[in-house]
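K.L.:
have a look; sequence and predicted model below, questions after that.
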Amino acid sequence: MTHSDGIVMYSGENCSYCVRARRLLEKKGVAFREIKVDQSPELRAEMERLSQRRTIPQIFIHGRHIGGFDDMAALDSAGELDKLLVVTQRA
């Protein structure tokens, strides 16, 4: 599976960082695909292979792995997140 189009977030049910990431993306008004990994070892393995990380959430924007919620929030604070999302919205 590739994530070259749009926004993909690997997440879990009872994950406060996933909730925060979801809220930030919703606040930005962008559509995203959420892949829940907590009940699927195969999807978790896919997430770990693609991101080289074990924690959730793991977020990909237009094929670029940006990391988890803290990473996305840092991009937002630096004014970089909107630039990535604009590219996604045009795609």
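P.N.:
Okay, I see it. Numbers count the residues shown, from 1 in each chain.
K.L.:
then the helix or strand hosting Tyr17 to CSV, C-alphas only?
P.N.:
For Tyr17, the host element (DSSP states H and E) is helix 16-28. Taking Å, rounded to 0.1, in the frame of the first residue of the first chain, the C-alpha atoms of helix 16-28 are listed here in CSV:
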residue,chain,number,x,y,z
SER,A,16,-5.4,10.5,23.2
TYR,A,17,-2.7,11.6,20.7
CYS,A,18,-4.9,10.1,17.9
VAL,A,19,-7.8,12.2,19.0
ARG,A,20,-5.6,15.3,19.1
ALA,A,21,-4.3,14.5,15.6
ARG,A,22,-7.8,13.9,14.3
ARG,A,23,-9.0,17.2,15.7
LEU,A,24,-6.2,19.2,14.2
LEU,A,25,-6.8,17.7,10.8
GLU,A,26,-10.5,18.4,11.1
LYS,A,27,-9.8,21.9,12.2
LYS,A,28,-7.7,22.4,9.1
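K.L.:
if you count neighbours, what's buried in the helix or strand following that helix?
P.N.:
From helix 16-28 onward toward the C-terminus, using DSSP H and E, the following helix or strand is strand 33-36. Using 16 or more other CB atoms under 10 Å as the test for burial, strand 33-36 gives Ile35, Lys36. (Glycine included, C-beta is placed from N, CA and C.)
K.L.:
for the spatially most central residue of the chain, helix, strand, or coil?
P.N.:
What sits nearest the mean C-alpha location of the chain, by CA atoms, centre = their mean, is Ile59, with 1.9 Å. Following DSSP: H, G, I helix; E, B strand; the rest coil, the label given to Ile59 is strand.
K.L.:
that one reaches Gly67, doesn't it?
P.N.:
Yes. With contact defined as CB atoms under 8 Å, Ile59 counts as touching Gly67 (6.7 Å).
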